[in-house]
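K.L.:
just a sequence and a predicted model for now, questions to come.
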Amino acid sequence: MYKISNMHRRIGQWVMVFFFVSGLSGCRVSAQKTCEWPCFHGMDRTNKSTETGLLKEWPQEGPTLKWTATGLGEGYSTVSVADGFIYIAGMHEGQTEVFCLDREGNRVWVKPNGKAWSTAAPHARTYTGARSTPTYDKGVVYHLGETGRLAAFAAKTGEERWYRELKEDFETPDTEYGFAESVLIEGDKLYVRPAGHKGYQVCLNKHNGELIWANTDIPGVEGYSSPVLMECCGYQQLVNASSDCYYGVCRETGKLLWKVDCRNRQGLNITNAVVLKDQVVISSGYGKGSMLIKLRAAGEEVVPETVWHTEWMDNHHGGIILHNGYLYGSGSNAKYWFCLDFGTGEPVWQIRGKGSVTFADGMLYLLDERGSLKLAEAAPGEEATLTGEFQVPEGGPGMFWAHPVVCDGTLYVRHANNLYAYDIKAE
């Protein structure tokens, strides 16, 4: 089911007249005086900030805490930062909610977005809460709730523009851990993965939620990664994952172009692919490991070829950074942070820990799932160069699984009910 007001339906129809005008890819927005991080892993989904002038070392107690926003509820959603505001999601009393905060952490608006995911499984009872990070694009915030409600909100007021119930519309079986994808906007298109019988990967009109195309050829049940864009072999591609594989589809038609079998012992592919020209790095936890895939054109077909495979960095869900020919991320089995050579997959250095990572100004921000946050140089060497570490306060029960974000001289770290903003500008 999807619904849209009459006023916004007319606006959407008017915009469709100009549908041939393509916008910037990914989550790009117009230039602003302040930093923009408008969706999960930033505007190009590399998880790398372009900011400079940041601290290269932290004092013993860590950087200065500017403010703490509370009342966010349970969740692992991280922040999007755009147009002077911060967007995040959480769960209160079985209800998923989307929050808008100002740059000082004050609440501007909060809106519901469907029933929250829950489970009776003892091992997963602490995993409840919002997963998806809101996506900002040209004055609208898009969010996917854990039970499949996809909605568009006016960014400044929170007014709901439209919504769709993905499980109902695309006949999606019950998910094991709820919907976790952060949707991707490209021009007038919105990409989302219902993982349903009527559409595993789909493309919608971002203005009204109407279907543009749906792919039903992708094997497996739901994946938990978010999509990335690439262009190679004559196609503009969308790369994502199911429980059984990583795959690329044509962004214009939805045609399945290639897939690489990748199923770990839990059937959970969570880490975003990393792309560079005609190469794709995929990583899967629970001992599966990482591999580099090279895509080759063969007529109208796209053929994936494995360059290397390693078990060293079986990334759980904390993400991988590619910088200057090296890959940085953690492994779920070994519980180490790794630096791997991009070309060979060979380990360069490793340090104890496991969690999520982001990058800014030549530095890695390594957030351990137990709350320790390290600052390290994004560089190879005989060993990692650590230049700071501190313990993030607890905001409630559960792991520190929300990915950190660096934007506008601020390091944002979310844990459960709280969002912490640290000043990391160099003097």
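P.N.:
That came through fine.

K.L.:
any stretches of this structure with poor pLDDT?
P.N.:
1-34 (pLDDT under 70).

K.L.:
helices of that one, start to end?
P.N.:
6-16, 166-170 (DSSP state H).

K.L.:
number of nearby residues for the nearest residue to residue 295 once chain neighbours are set aside?
P.N.:
Of all residues not flanking residue 295 in the chain, residue 278 sits nearest, at 4.8 Å (Cβ to Cβ, 6 or more residues apart in numbering). (Glycine included, C-beta is placed from N, CA and C.) For residue 278, the neighbour count with other Cβ atoms under 10 Å is 15.

K.L.:
residue 278 reaches residue 233, doesn't it?
P.N.:
Yes - here residue 278 reaches residue 233: they are 6.7 Å apart, a contact under Cβ atoms under 8 Å.

K.L.:
please identify every residue contacting each of these two.
P.N.:
Listed contacts common to residue 278 and residue 233 are 295-296; contacts here mean Cβ atoms under 8 Å, 6 or more residues apart in numbering.

K.L.:
the stretch 151-300 of the chain: strands as residue ranges?
P.N.:
Taking DSSP state E, counting those that start in this stretch as the test, the strands found in the stretch 151-300 of the chain are 160-165, 184-186, 189-192, 201-205, 211-215, 228-232, 235-241, 245-250, 256-261, 274-276, 279-284, 289-298.

K.L.:
show residues contacting the fourth one.
P.N.:
Counting contacts by Cβ under 8 Å, 6+ apart, the residues outside strand 201-205 that touch it are 12, 16, 19, 164, 170, 188-194, 210-215, 218, 238, 240, 247, 249, 251, 254.

K.L.:
next up, the contacts around residue 341.
P.N.:
325-327, 347-348, 380.

K.L.:
how about a cut-off of 7 Å?
P.N.:
326, 348 (Cβ atoms under 7 Å, 6 or more residues apart in numbering).

K.L.:
so how far is residue 231 from it?
P.N.:
Residue 341 sits 25 Å away from residue 231, going by Cβ to Cβ, to the nearest Å.

K.L.:
residue 188 now?
P.N.:
18 Å.

K.L.:
next: residue 339.
P.N.:
28 Å.

K.L.:
more neighbours, these two?
P.N.:
Between residue 339 and residue 231, counted using other Cβ under 10 Å, the more crowded position is residue 339 (26 against 13).

K.L.:
what residues are up against that one?
P.N.:
Applying Cβ under 7 Å, 6+ apart, we find residue 339 in contact with 326, 328, 348-349, 380, 384.

K.L.:
of all the residues you listed, which comes closest to residue 55?
P.N.:
Nearest to residue 55 among those: residue 384, at 17.6 Å, using Cβ to Cβ.

K.L.:
that closest one and residue 349 touch, don't they?
P.N.:
Yes - under the criterion of Cβ atoms under 7 Å, residue 384 lies in contact with residue 349, with a separation of 4.9 Å.

K.L.:
quick revisit: including neighbour count, could the contacts of residue 339 go into CSV?
P.N.:
What follows is the contacts of residue 339, written out as CSV (neighbours: other Cβ atoms under 10 Å):
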residue, neighbour count
326, 18
328, 25
348, 18
349, 19
380, 15
384, 21
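
K.L.:
max pairwise distance over the residues you listed: which two?
P.N.:
Maximum pairwise distance in the contacts of residue 339, criterion Cβ to Cβ, is 11.5 Å, between 326 and 384.

K.L.:
ok so, going back, please flag which of the contacts of residue 339 sit within strands.
P.N.:
Judged by DSSP state E, the contacts of residue 339 include 326, 328, 348-349 as members of strands.

K.L.:
so who does the closest residue to residue 40 other than its chain neighbours touch?
P.N.:
Among residues not flanking residue 40 along the chain, residue 182 sits closest, at 3.6 Å (Cβ to Cβ, 6+ apart). Residues near residue 182 by Cβ under 7 Å, 6+ apart: 39-40, 132-133, 135, 226.

K.L.:
now with 10 Å, please.
P.N.:
27, 39-41, 45, 77-78, 80, 89, 131-135, 142-144, 192, 225-227, 272 (Cβ atoms under 10 Å, 6 or more residues apart in numbering).

K.L.:
state the distance from it to residue 253.
P.N.:
Residue 182 sits 23 Å away from residue 253, going by Cβ to Cβ.

K.L.:
just the CA coordinates of stretch 279-287, formatted as PDB?
P.N.:
Output of stretch 279-287 as PDB, limited to C-alpha atoms (Å, rounded to 0.1, in the frame of the first residue of the first chain):
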ATOM      1  CA  GLN A 279      36.400  -3.700  -9.100                       C
ATOM      2  CA  VAL A 280      34.100  -4.600  -6.100                       C
ATOM      3  CA  VAL A 281      35.200  -5.600  -2.600                       C
ATOM      4  CA  ILE A 282      32.600  -7.700  -0.800                       C
ATOM      5  CA  SER A 283      32.900  -8.800   2.800                       C
ATOM      6  CA  SER A 284      30.800 -11.100   4.900                       C
ATOM      7  CA  GLY A 285      31.000 -12.000   8.600                       C
ATOM      8  CA  TYR A 286      30.900 -15.200  10.600                       C
ATOM      9  CA  GLY A 287      34.100 -16.500   9.000                       C
END
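
K.L.:
what's the burial count for residue 126?
P.N.:
Using other Cβ under 10 Å, residue 126 is surrounded by 13 other residues.

K.L.:
next: the one 4 residues further on.
P.N.:
For residue 130, the neighbour count with other Cβ under 10 Å is 31.

K.L.:
mind listing the residues bridging to it?
P.N.:
Legend: beta-bridge partners of residue 130 under DSSP bridges are residue 75.

K.L.:
that one contacts residue 115, doesn't it?
P.N.:
No - taking contacts as Cβ atoms under 10 Å, residue 130 lies outside contact range of residue 115: 11.7 Å.

K.L.:
find the residues that touch each one of the two.
P.N.:
91, 96, 145-146.

K.L.:
ok, back up a step: ok, the residue nearest to residue 295 - contacts?
P.N.:
Contacts of residue 278 by Cβ under 10 Å, 6+ apart are 230-233, 293-297, 302.

K.L.:
can you redo the residues you listed as JSON lines with distance to residue 310?
P.N.:
Below are those laid out as JSON lines (distance: Cβ to Cβ, whole Å):
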{"residue": "230", "distance to residue 310": "22"}
{"residue": "231", "distance to residue 310": "27"}
{"residue": "232", "distance to residue 310": "23"}
{"residue": "233", "distance to residue 310": "25"}
{"residue": "293", "distance to residue 310": "13"}
{"residue": "294", "distance to residue 310": "16"}
{"residue": "295", "distance to residue 310": "19"}
{"residue": "296", "distance to residue 310": "21"}
{"residue": "297", "distance to residue 310": "26"}
{"residue": "302", "distance to residue 310": "24"}
